[in-house]
Each structure stands twice: as C-alpha cells, then as structure tokens.
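1. predicted model and sequence follow; I will ask about them next.
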Amino acid sequence: MSALTKAALICGSGSMIILISILINLPFFVQIILLLCGLTVSVYGVFLLVKMVTHPVEKTSIASADEKTINPTKKKKKPSSTL
C-alpha cells in the first residue's frame, strides 16, 4: 500500500471516530474522549500528507531496469550435411 493511501486512511479513520462519537448516545465524558482521539488521529493523518508533499519520495525509473536486462547471445546454426 502506498504512503498516500495510508495517510488518507488515517485521516478518514479519525473522521469516522468523530462521527461515531457524535451519532452514538454515550455519556458526555466518553464523547469528549472520542472527539479528542478522532481529532488527534485526523491531525496525524494531515501531518503525514503534508510531510509527503514537502518531502516527496524519489522513485527509481522503470526504464533503467529495462536497460539492465541481459541480451541472450544468438546461437549459430550448424550446417546440416546431406548424405
């Protein structure tokens, strides 16, 4: 899984924690704890996204891997002798 996918899933899971804490009828203290946890997870996901934008990972090109392939040597055919 790519880093972008992981960061997006982290942001989404934080948002889902916040949504669930609002929709489910829980005691006030538990709702506040879930809201703070969801906010923390969402902020961490945004931090990962910003980190990816400011410091992108360099990828190796596929063309360089193709250039490194070994070309097979051609075999010379033996002349067939007719008897």
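-> On my side now, so go ahead.
2. quick one: low-confidence ranges for this structure?
-> Within the chain, the ranges that satisfy pLDDT under 70 run 58-72, 83.
3. ok, the closest residue to M16 other than its chain neighbours - contacts?
-> Of all residues not flanking M16 in the chain, G38 sits nearest, at 7.6 Å (C-beta to C-beta, 6 or more residues apart in numbering). To be clear about C-beta, it is placed using only N, CA and C from the backbone, and glycine gets the same treatment. By C-beta atoms under 8 Å, 6 or more residues apart in numbering, the contact list for G38 reads 14-18, 21.
4. report the buried members of the residues you listed.
-> Taking 16 or more other C-beta atoms under 10 Å as the criterion, what is buried in the contacts of G38 is 14, 17-18, 21.
5. how far off centre is the host helix or strand of L35?
-> In the assignment (DSSP states H and E), L35 maps to helix 28-54. Remark: helix 28-54 is offset 18 Å from the chain centroid, using C-alpha atoms, centre = their mean, to the nearest Å.
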